[in-house]
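Novice: sequence first, then the predicted structure, then my questions.
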Amino acid sequence: MTDRESMTRPGTAGAAGRPARGHAEAPPRGWARIVLRVAGSGLLIATAAIHLDLYLTGYRTIPTIGWLFLLQVIAAFALGLAVLAIPGRLVVAGRLAAAAGAGFALATLAGYLLSVWIGLFGFTEVRTTAGIAAGVVEIAAFAVLAALALAPAPATASPDHAAPAPATFPARIPPAAARAAGLTAAGLAAAALVLSGLVLAGASAPAPAATGTGTGTGLKTVTIGGTTVLANTKGFTVYSFAPDTPASSKCYGSCAAYWPPVTGTAAAGQGLPGTVTTITRTGGSRQLSYNGHPLYTYIGDSAPGQAHGNNLNLNGGLWHEVRVSR
């Protein structure tokens, strides 16, 4: 064999033990899974942060709803950290964490829409910016985490560094099943988006308790739990808001959606032992005031004789039923 023949040709004998440059294996797409993990974790933590803010600013005082909000906060933070912290090599654990996060996001959204639509545990939600933002984040979290749960698993190398060994189920999901599950998840995300739009679009109409006394109607007293309190003519309890002053209301925007101001004229207080006056709201309407306290109803009261809003710390301050002494 001549020296020329013994020389190694590029990409052939001298490359023994490694593939030729032209046939190099494509780099793994592990970055895609990393992006999904970071995005999914971030969306879950964002959901937790929104619910934590709502919990601390008043929802903690609402019976049943309060501890449900706290549970949502804990679960969202835990799932978000699990999605981010589980190593990529633990494919099954990672899939389970992502699937649990996706299910949690969808269930949380369903609870919110149900509370807006018909009420939940005696509490009726209203359309607010925070609620809409949380809904959008939860839909995005479901889509991202479902994609992560169904993403192809990276191939695992054998101990002797030979050809990668194919993963087995459930680390590897058959392509047909993955496609079907992906289409189902996409359909659920689209349906959730459409349903959210429909429910929130119809959430602006106030609940029956939100109807104020109106001009020409009056206030009256009712007895709830042995206590005489003020109510509108339909029997719905009226409330005072601690931050208010005798001359002005501090409840506007989303606050007024939860606590509709009672409007009318001073004549509405005929026959009551206290003094009924009116204040002018920023929009020009006249709000009734009793003994210097502007009056409101509460959308959480779905029937006369209820006082679910009493002693709630919500929308920036304490709410109290208006007691009447004769």
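Specialist: Sure, I can see it. Owing to the predicted nature of the structure, the values given are computational and were not obtained by experimental measurement.
Novice: could you use CA atoms for every contact and neighbour count after this?
Specialist: OK.
Novice: mind listing what's buried along stretch 105-114?
Specialist: For stretch 105-114, the neighbour count (16 or more other CA atoms under 10 Å) marks 105-106, 108-110, 112-113 as buried.
Novice: any idea how the protein splits into domains?
Specialist: Domain assignment for the chain, taken from automatic domain parsing, gives 28-157+166-201, 208-321.
Novice: for the shortest one, what is the distance to the chain centroid?
Specialist: Yep, that's domain 208-321 we're talking about. Chain-centre distance of domain 208-321: 29 Å, with CA atoms, centre = their mean, to the nearest Å.
Novice: ditto for the first one
Specialist: Once both centres are worked out by CA atoms, centre = their mean, domain 28-157+166-201 turns out to sit 10 Å from its chain's centre.
Novice: what residues does stretch 79-90 touch?
Specialist: 37-38, 40-45, 93-94, 97-98, 100-101 (CA atoms under 8 Å, 6 or more residues apart in numbering).
Novice: looking at those residues, which are in strands?
Specialist: Using DSSP state E, the subset of those located in strands is empty.
Novice: so among those, which ones count as buried?
Specialist: Neighbour counting by 16+ other CA under 10 Å classes 37-38, 40-45, 93-94, 97-98, 100-101 among the contacts of stretch 79-90 as buried.
Novice: can you tell me which of those is closest to residue 146?
Specialist: Lowest distance from residue 146 to the buried ones among the contacts of stretch 79-90 (CA to CA) belongs to residue 98, with 6.7 Å.
Novice: so what's the closest one up against?
Specialist: With contact taken as CA under 8 Å, 6+ apart, residue 98 is in contact with 40, 83, 145-146, 148-149.
Novice: closest one of those to residue 62?
Specialist: Closest to residue 62, out of all of these and judged by CA to CA, is residue 40, at 29.7 Å.
Novice: isn't that closest one up against residue 144?
Specialist: Yes: look at residue 40 against residue 144 with CA atoms under 8 Å: they come within range, at 5.6 Å.
Novice: returning to that earlier point: tell me which two of the contacts of residue 98 sit farthest apart.
Specialist: Most distant of the contacts of residue 98, by CA to CA, are 83 and 146, 11.9 Å apart.
Novice: more crowded one of these two?
Specialist: Neighbour count, other CA atoms under 10 Å: between residue 83 and residue 146, residue 83 has more, with 29 against 26.
Novice: which SS class is the more buried one?
Specialist: Secondary structure, DSSP: H, G, I helix; E, B strand; the rest coil: residue 83 is helix.
Novice: what pLDDT does it get?
Specialist: pLDDT, residue 83: 95.
Novice: measure it to residue 139 for me?
Specialist: Distance of residue 83 to residue 139, given as CA to CA, to the nearest Å: 17 Å.
Novice: what's the most distant pair in the buried residues of stretch 105-114?
Specialist: 105 and 113 (12.4 Å).
Novice: quickly find the element holding residue 52.
Specialist: Per DSSP states H and E: residue 52 is located in helix 30-56.
Novice: pLDDT on that helix, on average?
Specialist: For helix 30-56, mean pLDDT is 90.
Novice: just the buried residues of that helix, please?
Specialist: By neighbour count with 16+ other CA under 10 Å, helix 30-56 contains the buried residues 33, 36-52, 54-55.
Novice: which residues touch the residue nearest to the spatial centre of the chain?
Specialist: Residue closest to the mean C-alpha point of the chain, counted by CA atoms, centre = their mean, is residue 134 at 3.9 Å. With contact taken as CA under 8 Å, 6+ apart, residue 134 is in contact with 47, 50.
Novice: which positions in whichever strand or helix holds it come out as buried?
Specialist: Here residue 134, judged by DSSP H and E, is contained in helix 129-150. For helix 129-150, the buried set under the neighbour-count rule, 16+ other CA under 10 Å, comprises 131, 134-150.
Novice: also stretch 239-256?
Specialist: 239-242, 244, 248-251, 255-256.
Novice: quick one: end-to-end distance for it.
Specialist: One end of stretch 239-256 to the other measures 12 Å (CA to CA).
Novice: contacts for that stretch, please.
Specialist: Against stretch 239-256 from outside (CA under 8 Å, 6+ apart): 127-128, 259, 279-281, 289, 292-298, 309-310, 315-322.
Novice: roughly how far apart are the closest residue to residue 125 other than its chain neighbours and residue 55?
Specialist: Spatial nearest neighbour of residue 125, chain neighbours left out: residue 116 (4.5 Å); criterion: CA to CA, 6 or more residues apart in numbering. With the distance defined as CA to CA, residue 116 ends up 17 Å from residue 55.
Novice: ok, residue 315 next?
Specialist: Separation of residue 315 from residue 55 (CA to CA): 11 Å.
Novice: quick one: residue 220 is in a strand?
Specialist: Yes: under three-state DSSP, residue 220 falls within a strand.
Novice: return the closest of the buried residues of stretch 105-114 with respect to residue 182.
Specialist: Out of the buried residues of stretch 105-114, the member with the shortest distance to residue 182 (by CA to CA) is residue 106, at 15.3 Å.
Novice: can you say which helix or strand has that closest one in it?
Specialist: Per DSSP H and E, residue 106 falls inside helix 91-117.
Novice: per-residue confidence averaged over that helix?
Specialist: Helix 91-117 carries an average pLDDT of 92.
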